[in-house]
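Colleague: Test case, fold it:
(one chain, ligands or ions: 1)
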Amino acid sequence: MSDPVESLAALTIHRDLDALDSALVHSLAELLQPTAIAIHRVVGLHQTSSRWSVSARLGRLVTFGRPAERATLDDELSPLHALPAHQTCLETATVRSFDAASSGVGLDMTLFPLGSTGGPVAVLEIQSHRPLEPHEMQTVASILRVFQNFWNVLDESERDTLTGLLNRKTFDDAFFKTAHALPGTASAAPGATGCWIAVFDIDHFKSVNDRFGHLIGDEVLLLVARMLREMFRHHDRLYRFGGEEFVVLLRCDSEADASRALERVRERMAHHPFPQVGRVTVSIGFAQVLPGDTPSTAFGRADKAVYHAKQTGRNRVCSHADLVTQGHACEQESAVGEVELF
Ligand SMILES: Nc1nc2c(ncn2[C@@H]2O[C@H](COP(=O)(O)OP(=O)(O)OP(=O)(O)O)[C@@H](O)[C@H]2O)c(=O)[nH]1
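Modeller: Predicted structure coming up:
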């Protein structure tokens with residue numbers, strides 16, 4: 001077993017949550033030399049719609065007697081009950097160990113709950129040809145305590161305090177990661193889907209504050225954020241950019257798919273009875289993220305489209321591509337460096 005202190009030092013170099021999960025998996029793999037190791041995170045807001053998503057994995061992880069695939073779309077992720085031992089580990093927040101005969105995967109398997117401030121949110125799975133020794137279990141538990149504290153600090157720094165959505169500060173990094181993996185780019189993964197950026201702006205929000213007060217205004221912002229989380233897939237990234245403006249990075253196959261998803265959100269919002277306030281509508285502008293875009297060029301196009309939606313009646317979804325076709329905007333707005341970086 002290599003040095004646990006070195007493992008902790010390697011972990012705490014990272015400032016990115018995805019990288020932190022991978023670093024944990026790598027550190028523990030070096031320490032324990034297991035057959036496979038993975039972190040299963042719970043995604044989705046509600047018990048019924050929650051699913052497992054493998055956020056980091058090393059080795060040939062076996063589930064149900066076959067290698068696990070890293071699924072990318074919500075529909076392809078397993079519901080919680082598909083991994084009953086993992087679900088119990090999560091719900092009881094206890095470490096669970098299985099020998100090769102009882103694990104269901106033909107190997108020894110140990111499951112550790114991973115918590116956040118609100119309770120367990122993930123399970124660390126270690127598969128090996130031998131049971132973990134008591135001193136190894138103790139070392140893993142200690143590393144996980146540091147990992148979780150560090151994860152919580154990073155997670156909090158990436159989120160908007162009112163809504164819990166990602167904050168603007170984290171947008172650029174996520175944008176560049178997405179833009180570098182777009183279909184047609186050198187680093188695109190096989191089967192990569194396109195990406196659209198959408199800007200949501202609540203209509204006449206000042207009048208909500210003026211008529212009902214800031215507390216009710218905040219409540220509206222919270223409800224809008226929750227509806228966005230419910231209506232987008234877990235791999236779509238949701239941001240509050242401040243005030244009543246929200247931004248979504250949306251993975252879709254086509255402009256028509258993006259438009260349909262956004263139209264669904266607009267419509268649901270417009271029909272939702274907001275307590276005390278009644279009807280609240282949003283204007284939405286969207287644009288395809290193109291290879292070579294910077295965060296500001298892509299945002300600038302979506303922002304132009306949302307401005308058009310406001311000018312033409314609000315409670316509308318407008319595409320920048322349509323503005324170009326109709327002569328309200330020009331394609332050159334995609335040129336890198338044309339819009340100032342924020
Ligand atoms: N309650 C609350 N209000 C906020 C917050 N941040 C910004 N606001 C308010 O959001 C309002 C935004 O108003 P405007 O930018 O004039 O836009 P609008 O009234 O939504 O009008 P349109 O966008 O043109 O439909 C302002 O009154 C801000 O004070 C917040 O965190 N909480």
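
Colleague: Which residue, other than its chain neighbours, is closest to whichever residue of the stretch 101-250 of the chain sits closest to the ligand?
Modeller: At 2.7 Å from the ligand, Gly217 is the closest residue in the stretch 101-250 of the chain, using CB to the nearest ligand atom. (C-beta placed from N, C-alpha, C; glycine too.) Excluding the flanking residues, the one nearest Gly217 by CB to CB, 6 or more residues apart in numbering is Asn209, at 4.2 Å.

Colleague: ditto for Phe299
Modeller: Ile197 (6.4 Å).

Colleague: Can you read off the pLDDT for Glu156?
Modeller: If you check Glu156, the pLDDT there is 89.

Colleague: what about it, how many neighbours?
Modeller: By other CB atoms under 10 Å, 12 other residues sit near Glu156.

Colleague: list the helices and strands the strand or helix carrying it packs on?
Modeller: Per DSSP states H and E: Glu156 is located in helix 134-158. Using 3 or more CB pairs under 8 Å, 6 or more residues apart in numbering; DSSP states H and E, the elements in contact with helix 134-158 are helix 4-11, helix 17-32, strand 108-116, strand 119-128.

Colleague: Is it possible to get TSV of these that adds mean pLDDT?
Modeller: Converted to TSV, the helices and strands packed on helix 134-158 look like this (pLDDT from 0 to 100):
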stretch	mean pLDDT
helix 4-11	79
helix 17-32	89
strand 108-116	91
strand 119-128	90
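
Colleague: need those in JSON lines with distance to the ligand and mean neighbour count, can you?
Modeller: JSON lines is the format used below for these (distance: least, CB to the nearest ligand atom, whole Å; neighbours: other CB atoms under 10 Å):
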{"stretch": "helix 4-11", "distance to the ligand": "34", "mean neighbour count": "15"}
{"stretch": "helix 17-32", "distance to the ligand": "24", "mean neighbour count": "19"}
{"stretch": "strand 108-116", "distance to the ligand": "24", "mean neighbour count": "21"}
{"stretch": "strand 119-128", "distance to the ligand": "26", "mean neighbour count": "21"}
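
Colleague: just the strands in the chain please.
Modeller: Listed in chain order, the strands of the chain (DSSP state E) span 36-43, 51-59, 62-63, 66-67, 96-98, 108-116, 119-128, 166-167, 194-202, 237-242, 245-252, 282-288, 317-319.

Colleague: between the ones you listed, which gets nearest to Leu144?
Modeller: Closest of these to Leu144 is strand 108-116, at 5.9 Å (criterion: CB to CB).

Colleague: hmm, back to that, distance check, the residue nearest to Phe299 against Gly300.
Modeller: Ile197 is 10 Å from Gly300, where distance means CB to CB, to the nearest Å.
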